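>>> everything below, folded, please.
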Amino acid sequence: MALYNYYEDITESEADFIIDLYKCISKLVRDGRPVTLVGLAYELGIRAIELSDYLPQIVLILDKVEEEYQVQ
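Numbers count the residues shown, from 1 in each chain. Sure, this is the predicted structure:
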């Protein structure tokens, strides 16, 4: 079975935003708070609708962060 990695060029501002998403999600999980689009939008100071383009990244980050905290 062949594995294909999909890579997309992103801008520096998009990369910074994804890093901010990771930090915010990590903080919410660490504090035992639910990770919701509304909560993320509030923490990041943006509208929840603006997060819709990042749903796959949010789910992936959340899975990895929850896995990280379970291991510790």
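>>> by mean pLDDT, point me to the weakest helix or strand of the chain.
helix 55-71 (a mean of 92; mean pLDDT, DSSP states H and E).
>>> from S26, how far out is R47?
22 Å (CB to CB, to the nearest Å). Quick note: C-beta positions are derived from backbone N, CA and C, even for glycine.
>>> looking at those two, which is more packed in?
S26 (18 against 12; other CB atoms under 10 Å).
>>> wait, the more buried one touches K64, no?
No - contact between S26 and K64 fails when scored by CB atoms under 8 Å: they sit 9.5 Å apart.
>>> report the mean confidence score over the lengthiest helix in the chain.
Under DSSP state H, the helix in the chain containing the largest number of residues is helix 12-30. For helix 12-30, the mean pLDDT works out to 95.
>>> helix 55-71 and that one, what's the angle between them?
40 degrees (axes from the mean of the first three to the mean of the last three CA atoms, to 10 degrees).
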